[in-house]
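Q: Based on what follows, work out the 3D shape:
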Amino acid sequence: MYPAAGVRMELGAGVNMVTYVGAEQPAAGALQSLQGYLRAVYEWNAAAGRWEKYVPGSPAYVSTFTTLRPGRVYLLELTWPGTWVY
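A: Numbering: from 1, shown residues only. From the prediction side, this is the model:
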């Protein structure tokens, strides 16, 4: 079982590897606390053999996924250190 809310993670500038433990939800909402310094989120798609990406604030065609799912590993690229709260 994954917590629905109340998770806090301190992240550094650059690329951070994290396991998402929240409820399945749209990436825009889950990543709101990192607004302004989140460059992109990457997820490995083993079935397709490629990296998928979510780029906040970009046109829909730029992002190849838009939902964060519990138990998945993501790479979060930040321009500045921050606290991810979801």
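
Q: all strands for the protein, in order.
A: With strands called from DSSP state E, the chain shows them at 8-11, 14-19, 25-26, 38-45, 50-54, 67-68, 73-78, 82-85.

Q: Residue 61: which of those is closest?
A: Smallest distance to residue 61 across these (CB to CB): 11.7 Å, for strand 50-54. Placement of C-beta: from N, CA and C, glycine included.

Q: That closest one pairs with which strands?
A: strand 38-45 (antiparallel) (DSSP bridges).

Q: Just the CA atoms of the partner strand, as CSV, please.
A: Output of strand 38-45 as CSV, limited to C-alpha atoms (Å, rounded to 0.1, in the frame of the first residue of the first chain):
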residue,chain,number,x,y,z
LEU,A,38,11.7,21.1,-12.5
ARG,A,39,13.1,20.7,-16.0
ALA,A,40,11.9,17.2,-16.8
VAL,A,41,11.0,13.8,-15.5
TYR,A,42,12.2,10.6,-17.2
GLU,A,43,11.0,7.0,-16.9
TRP,A,44,12.5,3.9,-18.5
ASN,A,45,10.0,2.0,-20.7
